[in-house]
Every structure is written in structure tokens, then in C-alpha cells.
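Engineer: What follows is a predicted protein model with its sequence.
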Amino acid sequence: MEFSQGTLRTDPEFATARIFDTTLRDGEQSPRTSFSYDDKREIAAALDSAGVDVIEAGFPVNSDAEFTAVRDVASAADTTVCGLARVVEEDVEAALDAGVDLVHVFASTSDVQIEDSMHASREAVIERSVESVERAAESGVDVMFSPMDATRTDPDYLAEVVEAVSDVGVDWINVPDTCGVATPGRFAELIRTVKEHTDARIDVHTHDDFGLASANALAGFEAGAEQAQVSVGGIGERAGNAALEQVVMAAESVYGADTGIDTTAITGLARTVEERSGVDQPANAPIVGENAFAHESGIHAAGVIENAATFEPGVMTPEMVGAERELVLGKHTGTHSVRERLREAGYDPTDEQVRAVTREVKDRGADGDEITAETLEAVAAAHDVDRERERVPEGPA
Ligand code: MN
């Protein structure tokens, strides 16, 4: 695609990107969100059929209901299902009992969290992490270890922890930017450093406190991470996690990498999670927001009608994510959108009628009116615009 030159590389920074979805775990930890058993099963089924590599279904030790939901998701899903566990024996046992394929063990490694959240010591954290990883590994499941708050952890101590759990057979090291303070450059450097201390596969977990979660996840891939933890709509603790739709579409469309995700399922997934979580996406949310593929301004809409790549990324279309393009009428509308929208609604306007309808639409839009299909119909009627079928065909099309 000629128009994409300058934004697409032929030698992408990474070729594949594994997607670990934590909508049902970190996503559920969104303030004021809780998923019912049915919510969890429905979201898990949708994630499974969309092709995510891992579904983190929950925190089995949390409650009997949580245990049951994780257990049933694990037995129903085709893909890998993960359960979370603190470095506490009963947590690891609950995850194993739930029948997950991957146990995700985490412990704080930053001094602030070791002291004021875990109330432990650096030595105790290493000891308990090693014990928990060892216990999960000996049961035959895959084990992921997260040094929580890695981006605020003393680098020497982080290296020590990573080496200790690697020595007892951890399969994955997840590098969590728990409080969202990473930047893409610094995070990439941290990933490269962690890789020097382990042979385990690398996964990243990023938060959006500064709006950098997706950028940091992608920086992780650039630095050699194989997998990123994401949630649908980016829901999660505080400002949330890296959004599945952003990481997947940037990886696929901008980097040219393969995620294995059926991207056409993305919009449907986002709507399901909005409904079940009660967290609505803002209109200007990337990919899944109401405005993500909508155009109002005259110049943009006219360009898009001729060739959508003029004012859209070109490498990503609404069809690719299961959405639809929308020409919104309002204050900034031009004649091209009005003609297109009238034709879609079955009218056959003259040029003069298009200009008259456009003027009225712009005036109404400037007054703050929403120009719905009904409004357009009323305006068209007021200007005596003919219905297509009522006109005598001028000849073969
Ligand atoms: Mn988190």
C-alpha cells in the first residue's frame, strides 16, 4: 500500500506477540466492578474463541464462588487458563485444585510494598517465592512468577529474585509495572536486563496511570518479551491495564506482527465487557470508542468517501475489528457526507438540495442538536428531496 510508506516497516521489530488476557482478574479488580459467575463464563468463552493465548480467570483462593468460576472456566476453555496466587501455600493449592494450566505466583519486590503491604523482608520474599514456585512446578503445571512493582524495585534485588525463582524451574517471568510509572524506553531496558538473569520466557504487565500502558507493552515486545498482559477495554486497577484492542491492533497493523487473534471479534468483546463490567468506553477510545471510525468534518468525510485511507490509518479498517465506519452529521459537515447519507437513506437529491440540506444540518449542529437519521429525514422532506424509487430511471446503470 503506497500510502502507508513511512509508517510500515518491512522488517518489523517483532514477528509474533502472545496475548495474555487478564480481564477476569485485574480487569475485575476495577473499582466498582465485579463479575458474576455467568459474566465470567461468557467473557471467557468470547476470549477463547477470539484466540487469546492465556485467560487469567481469577484468584481462586479469594472465595468459593471465585474458585468455582475459575475451575469451570479452566475445564471449558480450549486455551491456557491461569489462576493467580500469592506466595502463600493455600493460594497455590487453591489454584492447583481449580485445575488451571498455569499458576501465576506474585510477590512484592519493591521496598515500599515489601515493608508497607507485605510487611515482610527482602529475604522472606525470596524464600516464600522460591517455595511457592517450587510447589506449583512440582505439580506439573506451568508457573509464572511476578516480582510485583518491578519498575520500582532495586535492580540488584530484582535480579536476585528472578535468578532464585529461575533456579527452581519457573516457566515465565512477568515484569509488572504495577503502578504505571514505566516509560517505553526505560521499560525496554528493564526487560533486556531481566532477560540477562533468566532463561524463562518473558511476559509484561503494564498499567495506564500515565496513559502509557499499551506503549509500554509494545516496548516490552520490542525488547524481547514474548507475551503481554492486557484486558478488554483496558479495565483494571485504577486507570487500568494495557487494552487488548490497542496492543493487538498496534501489533498487527502497525508492527505487522501476528497475535493469532481474530480481530473481527474485538468490537463485540468490548461491548460485552462494557455491559458486564459497567465500565463504559469513552467516545474517543482507540479502536472501540464510538468515534474511532466516525468522521464529521467536511474535508475528512469527503476524503474518506473517496478513499478511507485518506483520514484513517489505512492499515486498520473498521471491518478488521468488527466495527462500522460512520459519517456523522453536524456543525462541521460538508456536502459529500450529506449526499452520501441521503443516498444511503434512499434519497436521490439534486446538487442544490444537497447544499440546502447541508446548510440546515450545519445550523442545527451549531445549535447543539444531534442530527439523527430522523432529523435528516425531516430536513430532506422540508426541502422536497425525492426518494430514489420515485424517480424515473434515466437509463441502465
Ligand atoms: Mn495489575
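Structural biologist: That came through, no problem. A quick note: this is a predicted structure, and the numbers were derived from the prediction, not measured.

Engineer: what's the burial count for residue 362?
Structural biologist: 19 (other C-beta atoms under 10 Å). In short, each C-beta sits where N, CA and C put it, glycine included.

Engineer: Can you give me the buried ones in stretch 353-372?
Structural biologist: Under the neighbour-count criterion of 16 or more other C-beta atoms under 10 Å, stretch 353-372 has 353-354, 356-358, 360-362, 364-365, 371 buried.

Engineer: Could you give the backbone dihedrals for the closest residue to residue 207 other than its chain neighbours?
Structural biologist: Excluding its sequence neighbours, the residue lying closest to residue 207 (C-beta to C-beta, 6 or more residues apart in numbering) is residue 180, at 3.5 Å. Main-chain dihedrals, residue 180, degrees, to the nearest 10: phi 70, psi 30.

Engineer: Surely residue 180 touches residue 213?
Structural biologist: Yes: checked against C-beta atoms under 8 Å, the pair residue 180 and residue 213 is within contact range at 6.7 Å.

Engineer: Between those two, which contacts overlap?
Structural biologist: The overlap between the contact sets of residue 180 and residue 213 (C-beta atoms under 8 Å, 6 or more residues apart in numbering) consists of 206-207, 239.

Engineer: Out of the buried residues of stretch 353-372, which sit inside helices?
Structural biologist: Secondary structure assignment (DSSP state H) places 353-354, 356-358, 360-362, 364-365 from the buried residues of stretch 353-372 within helices.

Engineer: what about the residue nearest to residue 207, how many residues close to it?
Structural biologist: Neighbours around residue 180, by other C-beta under 10 Å: 20.

Engineer: what separates it from residue 285, distance-wise?
Structural biologist: 18 Å (C-beta to C-beta, to the nearest Å).

Engineer: Ok, residue 60 next?
Structural biologist: According to C-beta to C-beta, residue 60 and residue 285 sit 31 Å apart.

Engineer: And the two? Which one has more around it.
Structural biologist: Under the neighbour definition other C-beta under 10 Å, residue 60 and residue 285 were set side by side, and residue 60 has more, 29 against 18.

Engineer: Return the backbone torsion pair for that one.
Structural biologist: Note on residue 60: backbone dihedrals following degrees, to the nearest 10 are phi -50, psi -30.

Engineer: OK, contacts around it?
Structural biologist: For residue 60, the contact set (C-beta under 8 Å, 6+ apart) comprises 66-67, 70-71, 83-85, 91, 94-95, 97-98, 100.

Engineer: Can you say which of those residues are buried?
Structural biologist: Among the contacts of residue 60, those buried by neighbour count (16+ other C-beta under 10 Å) are 66-67, 70-71, 83-85, 91, 94-95, 98, 100.

Engineer: Please narrow those to those residing in helices.
Structural biologist: Among the buried ones among the contacts of residue 60, the residues falling in helices (DSSP H) are 66-67, 70-71, 91, 94-95.

Engineer: Mind picking the one among the residues you listed that's closest to residue 293?
Structural biologist: Within these, proximity to residue 293 (C-beta to C-beta) peaks at residue 70, which comes in at 35.7 Å.

Engineer: measure that closest one to residue 188 for me?
Structural biologist: With distances taken as C-beta to C-beta, residue 70 is found 33 Å from residue 188.

Engineer: again with residue 251
Structural biologist: Separation of residue 251 from residue 188 (C-beta to C-beta): 15 Å.

Engineer: from the middle of its chain, how far away would stretch 17-31 be?
Structural biologist: Distance of stretch 17-31 from its chain centroid, counting by C-alpha atoms, centre = their mean, to the nearest Å, is 9 Å.

Engineer: average pLDDT for that stretch?
Structural biologist: Mean per-residue pLDDT for stretch 17-31: 97.

Engineer: Quick one: end-to-end distance for it.
Structural biologist: One end of stretch 17-31 to the other measures 29 Å (C-alpha to C-alpha, to the nearest Å).

Engineer: Enumerate the positions of it that are buried.
Structural biologist: 17-30.

Engineer: cool, stretch 372-392 as well?
Structural biologist: Within stretch 372-392, the residues that count as buried by 16+ other C-beta under 10 Å are 375-376, 379-380, 383, 385.

Engineer: In contact with residue 265, which residues are there?
Structural biologist: 46, 49-51, 322.

Engineer: Fine by me, thanks again.
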